[in-house]
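[1] Let me see the structure of the following:
(2 chains)
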Protein chains: 2
Amino acid sequence: MDASHTAHPEISSESGTEVRPAPGGAAGSRDTGRDDFRRELGQQLRVDAVRCSAAAGSGHPTSSMSAADLMAVLLDGYLRMDLGALDDPRNDHLIFSKGHASPLYYAMLVAAGSVSEEALLTFRRLGSRLEGHPTPRIPPTDVATGSLGQGLPIGVGIAEEIRRLEHVPSRVWVLCGDSEMAEGSIWEAFQHAGWAELDRLTVIIDVNRLGQTRQTMLGWDLEAYVRRAEAFGWHAIAVDGHDVAAIDSAYAEAVATVGRPTVVIARTIKGKGVAAVENKNGKHGKPLEDPEGAIAELGGVRHLRVGLSLPPGPSDGAGSSGSSGRVGADAVRVALPSWPVGESVATRQAYGEALTALGDVRDDVVALDGEVSNSTGTEAFARAHPERYFEMFIAEQQLVASAVGMSVRGRVAFASTFAAFFTRAYDFIRMAAVSRADLRLVGSHAGVSIGEDGPSQMALEDIAMMRAVHGSAVLHPSDANQTAQLLAEMADRPGISYLRTLRGATTVRTPPEEPVRIGGSRLVRSGEHDDVTIVACGVTVDEAVAASVVLRAEGIEVRILDCYSVEPIDAAALRAAAGQTRLVVTVEDHWPQGGLGEAVAAALAQTPAHPPVVRLAVRTMPASATPREQRALAGIDAEAIAATVRAELSRAEGEPHRLSR
Amino acid sequence: MDASHTAHPEISSESGTEVRPAPGGAAGSRDTGRDDFRRELGQQLRVDAVRCSAAAGSGHPTSSMSAADLMAVLLDGYLRMDLGALDDPRNDHLIFSKGHASPLYYAMLVAAGSVSEEALLTFRRLGSRLEGHPTPRIPPTDVATGSLGQGLPIGVGIAEEIRRLEHVPSRVWVLCGDSEMAEGSIWEAFQHAGWAELDRLTVIIDVNRLGQTRQTMLGWDLEAYVRRAEAFGWHAIAVDGHDVAAIDSAYAEAVATVGRPTVVIARTIKGKGVAAVENKNGKHGKPLEDPEGAIAELGGVRHLRVGLSLPPGPSDGAGSSGSSGRVGADAVRVALPSWPVGESVATRQAYGEALTALGDVRDDVVALDGEVSNSTGTEAFARAHPERYFEMFIAEQQLVASAVGMSVRGRVAFASTFAAFFTRAYDFIRMAAVSRADLRLVGSHAGVSIGEDGPSQMALEDIAMMRAVHGSAVLHPSDANQTAQLLAEMADRPGISYLRTLRGATTVRTPPEEPVRIGGSRLVRSGEHDDVTIVACGVTVDEAVAASVVLRAEGIEVRILDCYSVEPIDAAALRAAAGQTRLVVTVEDHWPQGGLGEAVAAALAQTPAHPPVVRLAVRTMPASATPREQRALAGIDAEAIAATVRAELSRAEGEPHRLSR
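    Down below sits the predicted model:
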C-alpha cells in the first residue's frame, strides 16, 4: 500500500472550528481520534448538504446524507489531488456518478477549501458554478453527471487510459447510487473494467435502498450486489456505510488490490442523521422541511477543513503523454494520405488510413471501436498502433464513455462503430456536450446504400441525432480526400464532432491540395447560367453528378454543391448558389427529418424570395436489396434527381411566378 | 412438465426425404431415434443456411451453423406454435436476438413448412420477405432484430405481459449470441426478468466464442456466464450445444423451472460441420467460399419437415384480453378529463389523469415507467390500475423494450420517463420502427423550462430525435386539454408516437370541446391584417401570447399558431398563415436543429416567396436558474419574441423587398 494512504492529511487552519485528529497508530490498531474527525466531517457534509438545498429550495439532500460518511473517509486520507495544480496527471479523479448528490459533492469542495461557504449557498442559482448536477464548470469536476449510469463508464475510460498509457499513480474513485445499478451501462462498465483488470478503479455504491418512488430491486441485499460484481471479475467488499473504521479498511483493501477493480458496497440510510427523513419514502429530491431543526439534530454547523493528500512521485508531469504528441498542422497535412482524382475508394477505408497516418505523427491520438474495426476501417490503426487501440466489444455506451474518459486525460480519442449503433449511446453523446468534452465519433455504413443487410444496420437518423447535439460538427464527406482532411480538422476541434462514412466506394473528386474545412462546402460543378442547384453529400454527390450529365444533354444546366459539412452548413455558399438558380434540390441518404434537406431549408429560410427547395430523402422503410436498388427505391439516385428537376422546371413554366431567377 | 413437451411432434410428409423418429421412450431412457432425427435436422439447418447465404452472396452462415443443433431440438419438441393461427395467444414466441443468424431462422421456417425452399433462396433479394435480418414482414417474426442486445429485452416484455396479465401457457424462447452479452441492455433484461420471476422465459446463448474480429471477452468460459446469470436471479444450465440429448435435457429443465427464468448456456463451434470455416477467425458475416463442398461435407441437402407442437389448452383465445378492452371513440372522449379555459395545469399532470381515465374504459391500456412515475404523472395510473402498471426502474432500454414486447401481445402500452432520458433508448425506438411496432412514449420535463436541475435533466434534442424515427408522430401540447385529446389519439394510432410534456403549469386555452388531432394545429389568435405569424408549441405558446399583448399595444398585429403536432406538422395551416403575414417567427424550448423551427422552414421551403422565417430556439448550454430566467437567457420568452418581431419588421422597412404581404 502506498505510503500516502496511511499518512495523515494536513488539516488546514484557515478559519473556524477544526478538529485535528491524533497521530495515526500502527496498522491494526484503531486510530480513534481520526475516526472521530471523520465522523465529524461526515456530519459537516450532511449539514452543508441540508444548508445548500434549503437555500436553493430544491436539490437532493437525503441522497447526499446517505453517502456522507463514505465521502468523509475518502476525502480524509484517500483522495489524492493537488487542487492548485489540476492539470497534474498524478491527481486522482473523483466522479459522482449519482450526480444528484451534488449537495454532498459541493460540501466536499467546501471541506477541501476549494469552494467557500458563501459560494455553497449559491447552489442552483443563476450564475453559480454550483449547478443542480455537477458539471466541469466547477473544478475539479471532470465530466457532467446527472443522467444516471454514466459516471462509472466514463471512470472506466479514465482508468483504462491510466493503466494502458500512463506511468502515474493516479486512481479513479466513483460514487454510484444503488438506483443507477439498474442501468445497463453500469454493467457494460463492470464487464469492461473486469476484463481490462483496471485495478486503479474503485467504485463505491451508496446502497440507501430507496429510489425516487420506492425501494430498489435489490433493497439492502448487499450480498446480491457482491455476487454480481464478483461474477464480472471484480473484488467486492460489503460494508456498513456509516462505520468510518470499516469504510477505511475497505478503501485500504481496494487500494491494495492488484489486477482487479474493487467495488465497496455500502449499506447506508437515506437521510441519515435526521429522523424526519431517515429511511423514509417520499423524501427524494426535495429540501428538508425544517432545515434549522435538522442542522441542530446533526450537531450544528461545522467549519472543518481537510488538506487533500498530494499525489506521490515527481511533479514534472512525466508519464503523461497526453499533450506531448501534438505536432503542427503542417506536419499533419504532409502526413495525410491522398488519392488521385477519379479513383474509387470507400470513405471508411480512407478514414482508417488517415487515422493511422495521424497516429504516426501524433502520439496523443487513440482509437476505440465497438468490435467492428474491420468494417469501420479502424483496424488499420489497430495494426499500426496496437498500444493505442482500445477494443470496446459490442457495448456502444461504454465505447463512447471511454472516449470521453480518455479525452479527460488529454487524449485525442476517435470512437467508431456502425453509424446506426451510435443511437445506442445517444444519451452519452448528449451528456458529453454538457461535459464540454472533446469527442470524436466516426460512424460507418450510413444510409440505405449499405444494401442487403437491411434497415437494422442502416443509419438513417444519425445526421438528425448528431446535429441536435449542442456545438456539434456533422461531417459527411463524399470522397476519400475530403475524409482525410476532415479527420485532421476533427483532431484539432474542441467539442463533439461526427464523421459519417460509407460502406461502398465513391469517386474521388476533390483534389488532394484543395482545402476542405468544417463549415465549408465544395462546388462540384457550375456554369454561368445554371437552372438548378443540387445540394448533396456523401454518396449522393455521385448520383447528382450522374444526373447532371443526363440533364445537361437535355439542355438543363446544373450546379452541384457538396455540403460535406452538414453542421455547421455553409450558409453563404447555399445562399449564393440559390440566388443564381431557379430551383434547389437537396438529396440525401437519410430520413427527411433533421438531415441535409432541413439544414438547407433552415439556412435559406430567412433569405427573401429564395427559389423553391425540393428535398429528396428516404421516405419508406427499406428492406434488403443491392445498394443501387436501394437508392432507386428511395428516390435518391440519379434518375430520381433528374426526374425531379425536370418535373419542377416544367411545373414552373406553368406557374411562371414560381421559379424566377 | 407439460405433456406436450414429451410428446412427439408430427412429422409432415408433404415432400422429399423425411426421417420419422422412433416413438419416445419413458423418462430417463434415451430416445436414440429422436436424437438421430434432431442431428439430421441440425445438419439440414446448416445446409440451408449455407445455401441461402451462397445464393445471396452475403449473410452470416457461420453464426447460423453454431446454433443449428440448439434450434433443431427447439423446433422438434419444444416450440409450440400454430403456424396457421398466429393470433392465437397460446402460441410460443421465438426471438432471434442474434438477428444476423437469419439464415438459420429462415432454415427453421423451411423445416416448419411455412417457407418454401424456393423462397429460401430469395434471401436478401429485392422484394423478398427474407431480409438480411428478420423483420415482422415474415411471419411468425414478432419484432425486427439485427441491432444486437434488443431481442432479449423485448422477450422480457412479452414474458412479463404473459405472466402478469394472461392465463395462457405461452412461453418465450430467445436465441442470443455471445457477442451481444456485452450490451448493457442484456443485463437490464437479466435483471428485470430475474426480479419479475419470469419463468415463462428461456434464453439460449450460442457461445461460439468468436465475434466479428476476435474472441469475445469470456471466450468459452461457460462458468463465467453461469455465475453472472445466477447472480441476476436466473436458473442457468451449461451444455454442449452440439449434444442434442444434453440440449433436450436442458430445455426440459427450463420448462420445469418455476419462479425463475432459465438460461441455457451452450458451448458451440462457429461454422460447425465445415472444416474450412469451423472455429476460425475471419469467417464472420460472409458466405462460404465453397458452398457445394460444404453442403457435401454436411451430408447433402435434406428435406426434413417438422410439424410444430400446438399450444395446449382451449383454442378459443380465452385468457388473452389484449383486444377485449377496446371501446368506441365516443366512450373514450366522454371519459377524458377536461379543464376549464384559463386554469393553470402542467401537461404532465394532465397526461397522468387522462391516461388513468383511458385505462378506466379500456383494459388493454398498460403503463410502464422508469421509476419516476411521480414526476411523469404516471403515478395516477399506477394507483388506479396497479395490475396494469409496470415498474421498470432506472433502465430506459428495458422500459422501451418492454413496451414493444407488450405491443406484440396486443397491449396499448404507454412508456414514460423524463424526455431527456429517452435518448438512452434511441436505438430501441429506431428498431421499433423497423418492427412496425405500436409504441407510445411520453417524455416529461422538456426543455430549459424545468429550471434549476440543469442541462442533464433537460430534453433539448428530443423533438429532433423523435421526428427522425420513421413514421413517428411528435406531439407537444401547450395545455391540459390538448394533452388529453392527443393521448386518446395516440392510443389508436399505429406506429411510433411521442408526447412531450412540461414540468411547469401552462394556461389552458383550448376549449374542451375543440377537436385536437395528430397533424393539426390551433390558431390561438388572428386578426384581419396581421403583420407576423408566431409559431409556437408547448410552453412557448404562453410566451407568444404574452408577446402579442405587448406588440399589439405598439400597433403590431400578431397571429399565433400553436403547432402542437410537430410531426406531422400542419403544413396547410402554416402556408395559409405565412401567406397572410409578412414575417414568420418560430419559438421553441429545444435546440435549433431538427425541432419546430426546422420543421416549419421545411414545410414552407417549396412555397414560392414565403415570408422570412426567423427561428428562436435554445442556442447556448443552460445551467441552473429558475424557469423564467432560463427562457429569458435562451431568448425564447415573451420579451425575446417581441424584440425579434420589432427588429425584423423595422429591418424590413429599410429593405422593402424583404417583407411584403
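[2] Output the strand or helix carrying residue A:175 as CSV, restricted to C-alpha atoms.
    Using DSSP states H and E, residue A:175 maps to strand A:172-177. Output in CSV follows, covering the C-alpha atoms of strand A:172-177 (Å, rounded to 0.1, in the frame of the first residue of the first chain):
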residue,chain,number,x,y,z
VAL,A,172,-10.2,6.8,-10.1
TRP,A,173,-12.9,6.9,-7.4
VAL,A,174,-16.6,6.7,-8.5
LEU,A,175,-19.6,7.2,-6.2
CYS,A,176,-22.6,5.3,-7.6
GLY,A,177,-26.2,5.3,-6.3
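[3] and it, which strands flank it?
    According to DSSP bridges, strand A:172-177 has the following sheet partners: strand A:93-96 (parallel), strand A:201-207 (parallel).
[4] wait, doesn't residue A:75 sit right on residue A:41?
    Yes. In this structure, residue A:75 is within contact of residue A:41 by C-beta atoms under 8 Å, at 6.9 Å. Glycine gets a C-beta too; all of them are placed from N, C-alpha and C.
[5] Tell me which of the strands paired with strand A:172-177 lies nearest to residue B:627.
    Ranking these by proximity to residue B:627 (C-beta to C-beta) places strand A:93-96 first, at 24.9 Å.
[6] how about the nearest residue to the closest residue to chain B within the stretch 151-300 of chain A, chain neighbours excluded?
    Proximity of the stretch 151-300 of chain A to chain B (C-beta to the nearest C-beta) peaks at residue A:184, 2.5 Å away. Of all residues not flanking residue A:184 in the chain, residue B:184 sits nearest, at 2.5 Å (C-beta to C-beta, 6 or more residues apart in numbering or on different chains).
[7] swap in residue A:150?
    residue A:431 (5.7 Å).
[8] And the pLDDT at that neighbour?
    pLDDT for residue A:431: 98.
[9] What helices and strands are in contact with the host helix or strand of it?
    Using DSSP H and E, residue A:431 sits in helix A:426-434. Other helices and strands packing on helix A:426-434, by 3 or more C-beta pairs under 8 Å, 6 or more residues apart in numbering or on different chains; DSSP states H and E, are helix A:396-408, strand A:439-444, helix A:462-467, strand A:496-500, helix B:426-434.
[10] Reformat those as JSON lines; add distance to residue B:152 and mean neighbour count.
    Formatted as JSON lines, the helices and strands packed on helix A:426-434 follow (distance: least, C-beta to C-beta, whole Å; neighbours: other C-beta atoms under 10 Å in any protein chain shown):
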{"stretch": "helix A:396-408", "distance to residue B:152": "16", "mean neighbour count": "30"}
{"stretch": "strand A:439-444", "distance to residue B:152": "24", "mean neighbour count": "27"}
{"stretch": "helix A:462-467", "distance to residue B:152": "24", "mean neighbour count": "30"}
{"stretch": "strand A:496-500", "distance to residue B:152": "29", "mean neighbour count": "27"}
{"stretch": "helix B:426-434", "distance to residue B:152": "12", "mean neighbour count": "27"}
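[11] Backbone torsions only: list them for residue A:236.
    phi -120, psi 140 (degrees, to the nearest 10).
[12] beta partners for it?
    Beta-bridge partners of residue A:236, as defined by DSSP bridges: residue A:263.
[13] What about it, how many residues nearby?
    Neighbours of residue A:236 under the rule other C-beta atoms under 10 Å in any protein chain shown: 22.
[14] and it, what is it in contact with?
    Residues near residue A:236 by C-beta atoms under 8 Å, 6 or more residues apart in numbering or on different chains: A:225-226, A:229-230, A:262-263, A:265.
[15] does the closest residue to residue A:490 other than its chain neighbours have beta-bridge partners, and which?
    Spatial nearest neighbour of residue A:490, chain neighbours left out: residue A:497 (4.5 Å); criterion: C-beta to C-beta, 6+ apart. On the basis of DSSP bridges, residue A:497 is bridged to residue A:440, residue A:473.
[16] hmm, back to that, to residue B:441, which of the strands paired with strand A:172-177 lies closest?
    Using C-beta to C-beta, the nearest of these to residue B:441 is strand A:93-96, at 28.6 Å.
[17] Done for today, thanks.
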